[in-house]
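Asker: The sequence and its predicted three-dimensional model are supplied below.
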Amino acid sequence: MYYSGMLYLYSRLKTHGTYERKLKILMYHSVLNDNDKLRAELQPGMCVLQSTFEKQVRYLSKKYEVISIEKLFEMVSQKRAPDKSTAVITFDDGWRDNYDYAFPVLMKCNCP
């Protein structure tokens, strides 16, 4: 957390109430193939099926401006708050399934 800069980002966001009201940061661990339902059920909160992930991303795209973590860092460093409701999608651990199953959904929905 420290070396990634996320701790700094979190501390900066907590000092600005505007960020808390307008910004949602979602963290995913593992996005699985829809055929891997058993594994998803065995690890609720850790795994999401690709079809569920796609529904969530489509919802976020309709209700929020989805931006990259880099854009959020830039906004914080420039002391700019989001103009509208904003979401950032992040992934912990960097599992291959993030690339195999999450990445195509993000591209399809034009999300960073």
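Answerer: Cool, got the structure.
Asker: State the mean pLDDT of stretch 53-72.
Answerer: Stretch 53-72 carries an average pLDDT of 95.
Asker: Can you give the contact residues for it?
Answerer: Applying CB atoms under 8 Å, 6 or more residues apart in numbering, the external contacts of stretch 53-72 come out as 9, 23-26, 28, 31, 48, 82, 84-90, 101-102, 105-106, 108-112. Quick note: C-beta positions are derived from backbone N, CA and C, even for glycine.
Asker: same thing with stretch 90-109?
Answerer: 25-33, 50, 53-54, 57-58, 61, 69, 89, 112.
Asker: That stretch: which residues count as buried?
Answerer: 91, 95, 97-98, 101-102, 105-106, 109 (16 or more other CB atoms under 10 Å).
Asker: which of the contacts of stretch 90-109 count as buried?
Answerer: Counted by 16+ other CB under 10 Å, the contacts of stretch 90-109 give 25, 28-32, 50, 53-54, 57, 69, 89 as buried.
Asker: Cool, thanks, talk later.
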